[in-house]
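Enquirer: Can you look at this prediction? I've put the sequence above it.
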Amino acid sequence: MKKHRSSIKLGLLAAGIAASSLVAAGNGNIATQAIDSNQSNRTPVVSLTPTMGDVGFEIFDGQTQRYSLSTLPKNATDAIVYIDVDSIEWNKKKMQAVLDLARDLNWVVMAESGTWNVPRLHAFVAAYYPRVNTKNLQNVAVRISWDNGRAVATDLAPDAAAVEVGIDYLQTTAGKALLANEMTTRTVAPGSNYAWFANNAYQATASSRQVGTRFYSVALNRDVVKVWKSTSNGTTDCIVSWRGSATTGDWLANIENQFGSSVAVPGEASNAARIGSGYASRLNSYKAAVDAVACSNAYGVTGHSLGGGMAEAYSFTIRSKRPSLEAYNPARVGNASFRTQLVSALGSAKVEVFCRNLDPVWAVPVGLEHVGSNNGCTYWGSSVSWINLVANHAMTLWL
C-alpha cells in the first residue's frame, strides 16, 4: 500500500514536534525511542491515545512499536497517527492541534473504535473532518490521507490495516486464522456443526462453503459479522457468524469494562432480559445489516469468544425464528432472565455452548451468565495448558 512521504525537512519536523509538545503528554505505555532492526522498515506509529486494548480487532496486532510525539525518533520523515476513539483523553483544541500537524506533514491518520462502535467512530470523523462523507464507511477503522490538504477517508479491513503499517499480514493473528481455515472441520464435540463458520469470521474476506447437500455463499462480509445463505427448493437458509477478539492484549480487562454493565436488549426496553452494554452497542451497529439478508427457513448463529457472546445476543433478538445457536468459548452475555427466555424460545436442543476447561474468558464479565445447561456450557473440552491459560481459548482447538 502506498505510503505518503513528507517533504518536510528533518529540522522543520523536529521543530513541529517540539511546537506540539502540548499534546504529547499522557501516553503512559509508550515503547522505547529507538527503532530496532525488526521495525526499521515500518512506518512509525504515533499513538495519541492509549488504546482500549484488543476487544474488537487491534489493527496493529500488538506487533508495531508506538511512540508519542515527544518520543518519535527525530530522523523520522513519515509517521502514522493512531487514535482509538473510545479512549480519547484530550480536549478538542489539543486534539485538533495534532491532527493539523498530521495534515501539514502529510501523515496518515488511523482512527479505530476498539469496541467496534461504528457510530462513535463516525461521530469522531464528522467532528474533526466535517467534509468527509461517512455514509459508505462500514468498518471499525478509518484511514485519513491527504489530497492537497483535503482529507480522504478510506475504510480499513484488518488485512489492509496490517499492510498499511508494514506487517506481513500472514504473521498477524487474523492472517494465522485465515491459514487455519484451510483445515477441515472435524466434530470434536456433540452438536458441533458451525465451527468452520465461527473460525471463518476472522478472515478479512469470507469464503463460501458446502455443507452436506447445500452450498452456502457469502451474503454479507463485514469485519465484525458475516452471513452465508443457501437457497434450495424455494427456501433460504442462513448462517450468521460473529467475529471475536483477534489478538490477546489486555482483552480480559476490556471485556469486563466494556461489556459488563447490563442494559436492555435493543428493541426490547420493556423486557426483563438484560445484556452487557458492549453487546447492545454492537447489535445497534450491525443488526440491521444482518437482518437485511432475508432468510425464509432455518438460521444457524455462531461465533467464538466475544463473537460467541454476540451469537447469543443476536439469537435472542430473532428467537421467534428458533435459530440453532453454537457459541465457542463465549464470554458471559446476559442476566438470568435473558438465559431463561433464550433457552425457552429455542429449546435446549438448539442451544450449544462449547467451553474448555481453564479458559479465562469463561469467567467474564462478572455479574452476567452463560446460557448452557452444564455450569453455563453444554460441552466442556479438556484444557491444553495449565500454564498459558490463554491457549485454552483458541478457536483452532475446535477445528
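Expert: Structure received.
Enquirer: Pull out the buried positions in stretch 204-220.
Expert: Buried residues in stretch 204-220, counted by 16 or more other C-beta atoms under 10 Å: 204, 206-207, 209, 211, 216, 219-220. In short, each C-beta sits where N, CA and C put it, glycine included.
Enquirer: to the chain's geometric centre, what's the distance from it?
Expert: On the basis of C-alpha atoms, centre = their mean, to the nearest Å, stretch 204-220 sits 21 Å off its chain's mean C-alpha point.
Enquirer: can you give me the end-to-end distance of that stretch?
Expert: In stretch 204-220, first residue to last residue: 12 Å (C-alpha to C-alpha, to the nearest Å).
Enquirer: Report how many residues lie close to the closest residue to A298 other than its chain neighbours.
Expert: Nearest residue to A298, sequence neighbours excluded (C-beta to C-beta, 6 or more residues apart in numbering): D237, at 4.6 Å. Neighbourhood size, D237 [other C-beta atoms under 10 Å]: 18.
Enquirer: Confirm that D237 lies within a strand, as I assumed.
Expert: Yes - applying DSSP: H, G, I helix; E, B strand; the rest coil, one finds D237 inside a strand.
Enquirer: So it is in contact with T213, correct?
Expert: No - assessed by C-beta atoms under 8 Å, D237 is found out of contact with T213, at 11.3 Å.
Enquirer: Pull the number of nearby residues for F338.
Expert: F338 - counted by other C-beta under 10 Å - has 24 other residues nearby.
Enquirer: before we move on, back to that, tell me which of the buried residues of stretch 204-220 fall in helices.
Expert: The helices in this structure, assigned by DSSP state H, contain none of those.
Enquirer: picking up where we left off before, on the pLDDT front, check the residue nearest to A298 for me.
Expert: You'll see D237 listed with a pLDDT of 92.
Enquirer: Does it have any beta-bridge partners, and if so which?
Expert: S230 (DSSP bridges).
Enquirer: coming back round to it: now for the buried residues of stretch 204-220: which two are most distant?
Expert: With C-beta to C-beta as the measure, no two of these lie farther apart than A204 and V211, at 22.0 Å.
Enquirer: Can you name the residues that contact V361?
Expert: 252, 255, 305, 329-331, 393 (C-beta atoms under 8 Å, 6 or more residues apart in numbering).
Enquirer: could you redo the last one with a cut-off of 10 Å?
Expert: Shown in contact with V361 (C-beta atoms under 10 Å, 6 or more residues apart in numbering): 244-245, 251-252, 255, 304-306, 308-309, 329-332, 355, 389-390, 392-393.
Enquirer: Can I get the buried residues of stretch 204-220 in CSV including pLDDT?
Expert: Compiled in CSV, those are given as follows (pLDDT from 0 to 100):
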residue, pLDDT
A204, 78
A206, 88
S207, 90
R209, 91
V211, 84
Y216, 93
A219, 95
L220, 95
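Enquirer: Out of those, name the ones that lie in strands.
Expert: Judged by DSSP state E, the buried residues of stretch 204-220 include 209, 211, 216, 219-220 as members of strands.
Enquirer: What is the nearest of those to S230?
Expert: Among these, Y216 lies closest to S230 (C-beta to C-beta), at 4.7 Å.
Enquirer: backbone phi and psi for the closest residue to the closest one other than its chain neighbours, please?
Expert: The shortest distance from Y216 to any non-neighbouring residue, by C-beta to C-beta, 6+ apart, is to W228 (3.8 Å). Per-residue torsions, W228: phi -110, psi 150 (degrees, to the nearest 10).
Enquirer: Could you shift the numbering so residue one becomes 54, and keep it that way?
Expert: In the new numbering, first residue 54, that becomes W281.
Enquirer: Could you list the domains of this structure?
Expert: 63-221, 225-451 (automatic domain parsing).
Enquirer: ok, and which of these has the densest surroundings?
Expert: Among the domains of the chain, domain 225-451 has the highest mean neighbour count (mean count of other C-beta atoms under 10 Å), at a mean of 20.
Enquirer: hey, where'd the strands end up in the stretch 104-253 of the chain?
Expert: Under the criterion DSSP state E, counting those that start in this stretch, the stretch 104-253 of the chain contains strands at 119-120, 133-137, 161-165, 194-200, 203-208.
Enquirer: Using CSV, lay out those strands together with distance to Y332 and mean pLDDT.
Expert: Listed next are the strands of the stretch 104-253 of the chain as CSV, based on distance: least, C-beta to C-beta, whole Å; pLDDT from 0 to 100:
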stretch, distance to Y332, mean pLDDT
strand 119-120, 29, 80
strand 133-137, 19, 85
strand 161-165, 19, 87
strand 194-200, 20, 89
strand 203-208, 23, 89
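Enquirer: Output the contacting helices and strands for the helix ranked longest in the chain.
Expert: The longest helix of the chain (DSSP H) is helix 330-344. For helix 330-344, the packing partners by 3 or more C-beta pairs under 10 Å, 6 or more residues apart in numbering; DSSP states H and E come out as helix 171-181, strand 267-274, strand 278-285, strand 288-295, helix 304-312, strand 315-317, strand 327-329, helix 359-370.
Enquirer: Tell me which other helices or strands the very next helix or strand once past it touches.
Expert: In the C-terminal direction, the helix or strand that comes right after helix 330-344 (DSSP states H and E) is strand 352-357. Counting by 3+ C-beta pairs under 10 Å, 6+ apart, the packing neighbours recorded for strand 352-357 are helix 248-253, strand 278-285, strand 288-295, helix 359-370, strand 377-381, strand 404-409.
Enquirer: Swap in 8 Å and give it another go.
Expert: Counting by 3 or more C-beta pairs under 8 Å, 6 or more residues apart in numbering; DSSP states H and E, the packing neighbours recorded for strand 352-357 are helix 248-253, strand 288-295, helix 359-370, strand 377-381.
Enquirer: Mind checking those for the one nearest to E321?
Expert: Ranking the helices and strands packed on strand 352-357 by proximity to E321 (C-beta to C-beta) places helix 359-370 first, at 7.8 Å.
Enquirer: quick one on the thing from earlier: what residues does the longest helix of the chain touch?
Expert: With C-beta under 8 Å, 6+ apart as the criterion, helix 330-344 contacts 108, 168-172, 191, 273, 275, 277-278, 280, 293, 308, 311-319, 359, 362-363, 366-367, 370-371, 386-387.
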